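**Q** show me the folded form of this:
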Amino acid sequence: MPPFVRILSALLVCSSLLACGEESSADPAPDSPSADVATSDAQVAIDGSETTDETISDAETTPGCAPAAPWEPGTPIFVEVTDDWGLDGVTGHTFSVVDYDGDGWQDIFVRHGQGELDFKDYAPGVWLLRNTGGGTFEDQTESSGILTRRVPNAEAPWRPVHVAVFGDVNNDGHLDLFAAFGTPAEMGIETPDLFLGQGDGTFALGPAESMLRREGLVNSPDGAAWTDYDRDGYLDLWVAHHDVNVNGNPQPLADRLYHGDGEGMFLDFSSKTGVVTFPWGDLTKLNAGQGHSWAWSAAACDLNHDGTPELLAASYGRAPNVLWQGVRDAAGEVTFLNRGVASGYAYDHREDWTDNWSAQCYCTDNPDAEDCHLVTEPIDPQICAGLKASFGENMRWNHGGDREPWRLAGNSGTTLCADLDSDGDLDLFTNEIVHGDVGSSSDPSEILVNTGEADVRFERPGPEATGVHREHPPYVYWDHGDMTSAVLDVDNDGLLDIYLSASDYVGNRGLLYHQKSPLWFEEVSVDDSFEHNRSYGAVAADFDRDGDLDLLVGHSHMRCEPNGPNDCYPTRQVRLFENVIGQDGHWIQLELVGGAGTNRSAIGAQVTVTTPERVQMREVSGGWGKGGYQSGLILHVGLGDACEAQVSIRWPNAELATEEHSLAAGARYRIVQGEAPSKTAP
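**A** Down below sits the predicted model:
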């Protein structure tokens, strides 16, 4: 726990019932934001509407603030409002939630997966949906300009988009967009690109010379995250790459770190900052986690609270996850150290390959092969015959390499950074595809608890120890397709909950886990949550601004089996579920605006919220996950029984400037760096 958090906790004796009576906000800095930062009482959105702010100087006791009734099983949490909000016909599973037009309401950018578009139909498969604030969304996809191509194509005039993350790269107050897909031959060559927000709800292509476009180079981006790794006040971009097909064989690509100049130009600083990996081949490098990641997702967050973010790439194909630990020297230069294996993120401790069905079948056929004497469990010959029929004679087993540590890693999808144990630092939640035939070495989805050390390290208590666990389906062969998930506090009790988006396989459905006590979760029944089969994709945000987090979920059509349980729905229709219980609890929301020396989106800002019950950490995220998920730049914090909270903001600038405020529950606050908070309407 950071030292200042312990100090704040000690000072909270007088804070639970009344304000301590002192001005808590920091004095405005001499170089605080000028005219480019909105500081007036009225903010004007692009549609001409106004949102009124009320400037406050210290905590205001919430009138009639009573203890919040805890949620109990038997009380439904969500109600579906998909049709009511005008989402009928919108399909997909990758979501960026942002207020792209600046009117105070959370909008949605929906995409399909890269392998799920039918190019022959030339349908874009993306939706930019504007939240009107009146309980409905409007389709602004074409008028926004986000489908603009650089390479003309009369048959397909729109741009395909799979990876997308929003952030203000030029600090002009308008969100910009990084959009990428790859280079499918059917669509013509279209590179990753930057779209600059114009301030009127539209976007225009950024500089053609930017290196993030990788023009003329092979691309396979599968995740991206904005971050200001060197704290120069301008956003940089971390892009995780998957693979390319070379003579019928998948070859992973190197991930890339791009440095932004604040005007839309980006240079590839991967080698300059030490972000270097190697093609697969050398077992020593692969076991050390130094091979290309074969990434399915990206994330960037400050895990050791030193002000420099860590860069994460979650890897598919039973390859090690990669964690780059940021190190900043006295001159402000940042380099990254590969600490995936040392931190415990690369792969887990489950390395017993002898209960892998394919290994057992191989050793049955080759009893004298190296280490086959370790396989003591007999296996049904019919199982081996089935594996050979499905996967060929090798049965997905390479005896020479599959016993190595790097091949005993997981099939990792999204990794989320979140303070899951409420101790003031960020932990991880990894999502994994698990096949029953692989045995105990198949890494499950689980919480990685941050130990709080200067050199990042995690402990894995395991799904059974945290309750984020389910029994295997009642048939011999089973799969868990946990590629994505969402972390949210459904009842505003101050403990984060998990919605696990199990997908793509027979019997898979979304699972909601409620955190009953620190690091102990209990599954919520579908009667109290909702039933959603093959729930690929999820993001939580307060779409109706009532003080709780709603949930948007997607649906996959991969591996549909009409005769199996939890089969695919007729379409990939997205579904929106309104939270109907959280608004009765205590909460605060924080919209941070960076000032001089800080990126305007405040991406990378860390906020510590302290109440008599607990300490919670939040970080403004620039995107995570497979395809790039965002849940808005507004931080939501449940307060439990507390009527107010002590809020410490550490801004991501060179000095790591810190401000402290006492804030009353039940409101959204807009905090411009160096200024007093202003309260906006719930």
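**Q** how far is the longest helix seen in the chain from where the chain is centred?
**A** For the chain, the helix with the greatest residue count under DSSP state H is helix 381-391. Counting by CA atoms, centre = their mean, to the nearest Å, helix 381-391 is centred 38 Å from the centre of its parent chain.
**Q** would you mark the buried spots in the helix or strand harbouring Leu177?
**A** Under the criterion of DSSP states H and E, Leu177 resides in strand 176-180. Using 16 or more other CB atoms under 10 Å as the test for burial, strand 176-180 gives Asp176, Leu177, Phe178, Ala179, Ala180. (C-beta placed from N, C-alpha, C; glycine too.)
**Q** just stretch 164-184 next, same as before
**A** Buried residues in stretch 164-184 (16+ other CB under 10 Å): 164-172, 174-183.
**Q** circling back to that earlier point, sheet partners, orientation included, of the strand holding Leu177?
**A** Within its sheet, and counting by DSSP bridges, strand 176-180 is paired with strand 163-167 (antiparallel), strand 193-197 (antiparallel).
**Q** closest to Met617 out of those strands?
**A** strand 163-167 (20.7 Å; CB to CB).
**Q** C-alpha coordinates for that closest one, CSV please?
**A** Below are the C-alpha coordinates for strand 163-167, written out as CSV (Å, rounded to 0.1, in the frame of the first residue of the first chain):
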residue,chain,number,x,y,z
VAL,A,163,-9.0,-2.8,-32.9
ALA,A,164,-10.1,0.6,-31.7
VAL,A,165,-9.1,2.8,-28.7
PHE,A,166,-9.9,6.5,-28.0
GLY,A,167,-7.8,9.2,-26.5
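**Q** give me the contact list for it.
**A** The contact list for strand 163-167 (CB atoms under 8 Å, 6 or more residues apart in numbering) reads 94, 96, 98, 100, 109, 111, 175-181, 192, 221-226, 235, 237, 239, 599, 601, 603, 622-623, 627-628, 630.
**Q** now do the helices in the chain.
**A** Using DSSP H, helices in the chain cover 3-10, 141-144, 283-287, 340-343, 357-365, 381-391, 463-466.
**Q** now those helices as CSV including distance to Thr277, mean neighbour count and mean pLDDT?
**A** Output for the helices of the chain, formatted as CSV (distance: least, CB to CB, whole Å; neighbours: other CB atoms under 10 Å; pLDDT from 0 to 100):
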stretch, distance to Thr277, mean neighbour count, mean pLDDT
helix 3-10, 35, 14, 40
helix 141-144, 36, 16, 94
helix 283-287, 8, 15, 94
helix 340-343, 10, 22, 97
helix 357-365, 28, 22, 94
helix 381-391, 28, 14, 91
helix 463-466, 29, 15, 96
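**Q** got those as TSV, with distance to Ala645 columns?
**A** Shown next, in TSV, are these (distance: least, CB to CB, whole Å):
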stretch	distance to Ala645
helix 3-10	10
helix 141-144	37
helix 283-287	45
helix 340-343	31
helix 357-365	52
helix 381-391	54
helix 463-466	26
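**Q** who wins for proximity to Ala319 among these?
**A** Closest to Ala319 of these, according to CB to CB: helix 283-287, at 7.9 Å.
**Q** can you redo the buried residues of strand 176-180 as CSV with pLDDT and distance to Gly537?
**A** Shown next, in CSV, are these (pLDDT from 0 to 100; distance: CB to CB, whole Å):
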residue, pLDDT, distance to Gly537
Asp176, 98, 23
Leu177, 98, 19
Phe178, 97, 19
Ala179, 95, 17
Ala180, 92, 17
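**Q** out of these, which is nearest to Val580?
**A** For those, the closest approach to Val580 (CB to CB) belongs to Leu177, at 32.4 Å.
**Q** now do the contacts for the closest one.
**A** With contacts defined as CB under 8 Å, 6+ apart, Leu177 is in contact with Phe109, Ile146, Ala164, Val165, Phe166, Leu194, Phe195, Gly197, Phe203.
**Q** next: Leu500.
**A** Contacts for Leu500 (CB under 8 Å, 6+ apart) come out as Asn431, Ser445, Val468, Asp482, Ser485, Gly510, Leu511, Leu512, Tyr513.
**Q** ok, now Val449?
**A** Taking CB under 8 Å, 6+ apart, we find Val449 in contact with Leu420, Asp421, Asp427, Phe458, Glu459, Arg460, Pro461, Leu519.
**Q** of the residues you listed, which belong to strands?
**A** Asp427, Phe458, Glu459 (DSSP state E).
**Q** residues near Gly274, how many?
**A** 16 (other CB atoms under 10 Å).
**Q** can you count the residues close to the residue nearest to it when sequence neighbours are not counted?
**A** In this structure, Gly274 finds its nearest non-sequential neighbour in Thr335, 4.4 Å apart by CB to CB, 6 or more residues apart in numbering. Neighbourhood size, Thr335 [other CB under 10 Å]: 15.
**Q** check contacts around Thr335.
**A** Counted by CB under 8 Å, 6+ apart, Thr335 has contacts Thr273, Gly274, Gly326, Val327, Asp329.
**Q** among these, which ones are buried?
**A** Thr273, Gly274, Gly326.
**Q** among these, which are located in strands?
**A** Assigned to strands by DSSP E, the following of the buried ones among the contacts of Thr335 qualify: Gly326.
**Q** out of the buried ones among the contacts of Thr335, who's nearest Gly666?
**A** Distances from Gly666 to the buried ones among the contacts of Thr335, taken by CB to CB, are shortest for Gly326, at 36.6 Å.
**Q** report pLDDT for that closest one.
**A** Note on Gly326: pLDDT of 98.
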